[in-house]
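*Asks:* can you look at this prediction? I've put the sequence above it.
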Amino acid sequence: MKKNQNKEMQEKDILGKLLEGTSLGTAEELDVTVSDHVCVIHKSQMTVLELTAVIDTLSNLASDLTVVLAQACGFCDNYKHEHDDEGCKENECSEACAFLNGCKDSPADCVMHCELCQGLLDGSSEVHVPDYLLEEAGIPTDAKLEAYADEDSAEITVVEADIQQDITDVPPGIVAILAKSGVCLAELDELIMLEEIVYGK
């Protein structure tokens, strides 16, 4: 019991030092929002200016973290358009093609024309099997699946994927922002599946 009390006192001291010199340190009541990966502490009562300051701080943090994620993934460069010595083989150079060849600048168009990224964005690369078949096979209906094709027998085998996390676990709004910024969604998907550390390296 004494050990637990000491630990609680240490945690209080650490929190007190963190809040020292801020308006949180003198606030009568604090609200705490906790999720799996973040904890936000703010005053229980705020004026308009205090509330907008909190919103601004959280917005800046979200932007900074998004930049870290985007840098880890890099721009999409999977889309390659054929050029001859005189330039684009088509009558008009597409924006994605122009970006890759220095004519114009539009990273988002590379994502738009990349089959890998588009498959992840619209869900067409996902394997779908009716729930009743999954239940018969003893596979959870929300499990991620993998499919293998046998050319000789023309059979497709669907199994529960070894890795049960991928780009579909990212909030759609964040995926849309990254796609519009030209971030490679295929690389994002791979980083998720490999459980790569992308922040705090």
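*Replies:* Thanks, I have the structure now.
*Asks:* what average pLDDT does the longest helix along the chain get?
*Replies:* Secondary structure of the chain per DSSP state H: the longest helix is helix 48-73. Mean per-residue pLDDT for helix 48-73: 95.
*Asks:* before we move on, what about stretch 108-122?
*Replies:* So the average pLDDT for stretch 108-122 ends up being 85.
*Asks:* can you tell me the distance between the two ends of that stretch?
*Replies:* 15 Å (C-alpha to C-alpha, to the nearest Å).
*Asks:* show me what counts as buried in it.
*Replies:* 108, 109, 110, 111, 112, 113, 114, 116, 117, 118, 120, 121 (16 or more other C-beta atoms under 10 Å). For every residue, glycine as well, the C-beta is placed using N, CA and C.
*Asks:* what of stretch 121-136?
*Replies:* 121, 125, 134.
*Asks:* wait, the last one touches residue 128, no?
*Replies:* This means residue 134. No - look at residue 134 against residue 128 with C-beta atoms under 8 Å: they stay out of range, at 10.1 Å.
*Asks:* ok, back up a step: which elements pack onto the longest helix of the chain?
*Replies:* Counting contacts by 3 or more C-beta pairs under 8 Å, 6 or more residues apart in numbering; DSSP states H and E, helix 48-73 is packed against strand 39-43, helix 172-180, helix 185-194.
*Asks:* dump those into TSV; add distance to residue 151 as well.
*Replies:* Shown next, in TSV, are those (distance: least, C-beta to C-beta, whole Å):
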stretch	distance to residue 151
strand 39-43	52
helix 172-180	33
helix 185-194	25
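*Asks:* residue 65 is nearest to which of the ones you listed?
*Replies:* For those, proximity to residue 65 was assessed by C-beta to C-beta; helix 172-180 is nearest, at 10.1 Å.
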